[in-house]
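Undergrad: everything below, folded, please.
(one chain, ligands or ions: 1)
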Amino acid sequence: MMLKSNSPNLKSWVDVPKGSDFPIQNIPFGIFKTKYLSPVAGVAIGNHVIDLVYLHENGFFDKLSLPQGIFNQKYLNDFLALGRKKGREVRERISELLRHDNDELKSNKAACEIALIPMSEVQMLMPVRVPNYTDFYSSEEHATNVGSMFRDPKNALLPNWKHLPVGYHGRASSIVVSGTPIHRPKGQVKPPDAEFPVFCPSQKLDFELEVAFITCAETKLGSHITTKDAEENIFGLVLFNDWSARDIQTWEYVPLGPFLSKNFGSTISPWIVTLDALEPFRVKGPEQFPHVLPYLSFDGEKNYDITLEVLIQPEKSEPTIVSRSNFKYMYWNIAQQLAHHTVNGCNIQVGDMYGSGTISGPSPGSYGSMLELAWNGQRPLHLADGSERKFLLDNDTVIIRGHAEKDGIRIGFGECKGKLLGAL
Ligand code: MN
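TA: Modelled structure (predicted):
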């Protein structure tokens, strides 16, 4: 599908600095507030945010017959619920209004003054209210590394791994937007030489480099979504840091999987980059063998070529890039994940978030967690300020960035950033 809004030839009358994550071909959706505005919906272009409430109230969306007040809300859920097709129409219309040869908004100085707000003056908020959160485990390299470390390098993957996208239901209430600090969790830990567990702050605090998809449909209990229809039910993607306490996880996870080691906080980037904007960046995923069951088979290219990086910034120091990975490494794609999630009749809701699982690439520099990068403390990382890390220290800030790039067009996500504070 070739969308007009994705043409590399488009230029905007709004200044877009070179290397910006937000050219006219992106148009990601988010929720923001300013000193003067309560939370409203907006899109990003260059270093500006566009107030969609203003555009809607002043007739710029009149031909789209949108519900009144659809953008004047704390969350995008009602807008997402209009469906992917309506979202596409709105994005196309915004693209039209921002084109260099379109005067409708450009020549209306008063409107520009109000609708275009410098990013430095806005605070980004959670884009959606998240009813449900699921986390997958879909990177073969990550699963292999973890399996080798804790079980057996010869049988690193468990027997089910290549037959289904392994996942668990996570905690939605503790998903926070970029910029929100996270406290080091306390919990039960069993030191290897101890007979009994102790209660203490986690000593193995980690990040997980992930990308999450957000659904824009409500389905009936008992129904399922096929791999063919999956993407029409997905609005877009955000960057996702699934903070993890490895020492708590090691002690608690058998037999039902992670619990308190993960539910103390997860951080997302504030802009939802639409699947429409990512359409030109589809690529083939890894070959899947053994062949998957028919309900998991799919046609076409379902992976996305999105360059990812993780930086650690100690207090009062420069950040260091510690990992460079790519979303295209995922063994199981988002269509398979959603098809598997619903094949038993599980219903989905608008705003549901689905984490990819840690995205590790084939080389050590592309691993998506400290656990793998420093190999459970055996190979400490060296940061630019001369310090070492086996796991995260208090006051470290973790920054995830991501972008897709092709034909001179860069579709970026902005930042997913969080500072780790000491235990309370
Ligand atoms: Mn995870």
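Undergrad: now the strands for the stretch 301-424 of the chain?
TA: For the stretch 301-424 of the chain, the strands defined by DSSP state E, counting those that start in this stretch occupy 303-304, 307-313, 320-326, 353-355, 381-382, 388-389, 397-406, 409-421.
Undergrad: can you redo those strands as CSV with mean neighbour count and mean pLDDT?
TA: C-beta coordinates here come from the backbone N, C-alpha and C atoms, glycine included. Listed next are those as CSV, based on neighbours: other CB atoms under 10 Å; pLDDT from 0 to 100:
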stretch, mean neighbour count, mean pLDDT
strand 303-304, 22, 98
strand 307-313, 21, 98
strand 320-326, 20, 98
strand 353-355, 25, 98
strand 381-382, 14, 97
strand 388-389, 14, 98
strand 397-406, 21, 98
strand 409-421, 22, 98
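Undergrad: the ion: which of those strands is closest?
TA: In terms of CB to the ion, the element of these nearest to the ion is strand 353-355, at 5.4 Å.
Undergrad: for that closest one, which strands pair with it and how are they oriented?
TA: Using DSSP bridges, the strands paired with strand 353-355 are strand 133-136 (parallel), strand 209-215 (antiparallel).
Undergrad: hey, C-alpha coordinates of the longest one in PDB?
TA: Spelled out, that is strand 209-215. What follows is strand 209-215, C-alpha atoms only, in PDB (Å, rounded to 0.1, in the frame of the first residue of the first chain):
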ATOM      1  CA  LEU A 209      15.300  -2.900  25.100                       C
ATOM      2  CA  GLU A 210      11.900  -3.500  23.600                       C
ATOM      3  CA  VAL A 211       9.400  -2.200  21.100                       C
ATOM      4  CA  ALA A 212       5.700  -2.400  22.000                       C
ATOM      5  CA  PHE A 213       2.600  -2.300  19.700                       C
ATOM      6  CA  ILE A 214      -0.700  -0.800  20.700                       C
ATOM      7  CA  THR A 215      -4.100  -2.100  19.500                       C
END
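Undergrad: can you give me the strands in the stretch 151-300 of the chain?
TA: Using DSSP E, counting those that start in this stretch, strands in the stretch 151-300 of the chain cover 167-169, 175-177, 182-183, 186-189, 198-201, 205-206, 209-215, 234-241, 244-245, 266-268, 273-274, 282-283.
Undergrad: so which of those gets nearest the ion?
TA: Across the strands of the stretch 151-300 of the chain, closest to the ion is strand 209-215 (CB to the ion), at 5.7 Å.
Undergrad: how far off centre is stretch 65-76?
TA: How far stretch 65-76 lies from its chain's middle: 23 Å, per CA atoms, centre = their mean, to the nearest Å.
Undergrad: can you give me the distance of the nearest residue to residue 385 once chain neighbours are set aside to residue 378?
TA: In space, and not counting its chain neighbours, residue 385 is closest to residue 317: 4.2 Å by CB to CB, 6 or more residues apart in numbering. Per CB to CB, to the nearest Å, residue 317 is found 24 Å from residue 378.
Undergrad: so the two - more neighbours on which side?
TA: Counted by other CB atoms under 10 Å, residue 317 and residue 378 do not tie: residue 317 has more neighbours, with 16 against 8.
Undergrad: who's in contact with the more buried one?
TA: If a contact means CB atoms under 8 Å, 6 or more residues apart in numbering, then residue 317 has 383, 384, 385 as its contacts.
Undergrad: circling back: hey, which of the strands paired with strand 353-355 is tucked in deepest?
TA: strand 209-215 (a mean of 27; mean count of other CB atoms under 10 Å).
Undergrad: and the nearest residue to residue 182 once chain neighbours are set aside, its phi and psi?
TA: With sequence-adjacent residues excluded and distances taken as CB to CB, 6+ apart, residue 182 is closest to residue 265, at 4.3 Å. Here is the backbone geometry of residue 265 (degrees, to the nearest 10): phi 160, psi 140.
Undergrad: near the ion, which residues of the protein are found?
TA: 135, 208, 242 (CB under 5 Å from the ion).
Undergrad: try 6 Å this time
TA: 135, 208, 210, 242, 355, 357, 358 (CB under 6 Å from the ion).
Undergrad: what about the fourth one, how many neighbours?
TA: The local packing count at residue 242 equals 25, with neighbours defined by other CB under 10 Å.
Undergrad: residues in contact with residue 408?
TA: So residue 408 contacts residue 8 (CB under 8 Å, 6+ apart).
Undergrad: from residue 23, how far out is it?
TA: Here residue 408 is placed at a distance of 9 Å from residue 23 (CB to CB).
Undergrad: any regions of the stretch 201-350 of the chain where pLDDT drops low?
TA: By pLDDT under 70, the stretch 201-350 of the chain has no low-scoring segment.
Undergrad: identify the bridge partners of whichever residue of the stretch 51-200 of the chain sits closest to the ion.
TA: Going by CB to the ion, the ion is nearest to residue 135 of the stretch 51-200 of the chain, at 4.5 Å. The partner list for residue 135 in beta bridges (DSSP bridges) reads residue 168, residue 355.
Undergrad: that one contacts residue 358, correct?
TA: No - applying CB atoms under 8 Å as the test, residue 135 and residue 358 come out as separate, 9.5 Å apart.
Undergrad: let me see the backbone angles for the closest residue to residue 141 other than its chain neighbours.
TA: Distances taken as CB to CB, 6+ apart place residue 360 nearest to residue 141, at 4.1 Å, with adjacent residues excluded. Backbone geometry at residue 360, expressed as degrees, to the nearest 10, gives phi -110, psi 140.
Undergrad: number of nearby residues for the nearest residue to residue 291 once chain neighbours are set aside?
TA: Once flanking residues are discounted, residue 291 sits nearest to residue 297: 7.7 Å by CB to CB, 6+ apart. The number of residues packed near residue 297 is 14, by other CB under 10 Å.
Undergrad: wait, residue 297 touches residue 227, no?
TA: Yes - counting by CB under 8 Å, residue 297 does reach residue 227; the two are 6.9 Å apart.
Undergrad: right, I'll call it a day here.
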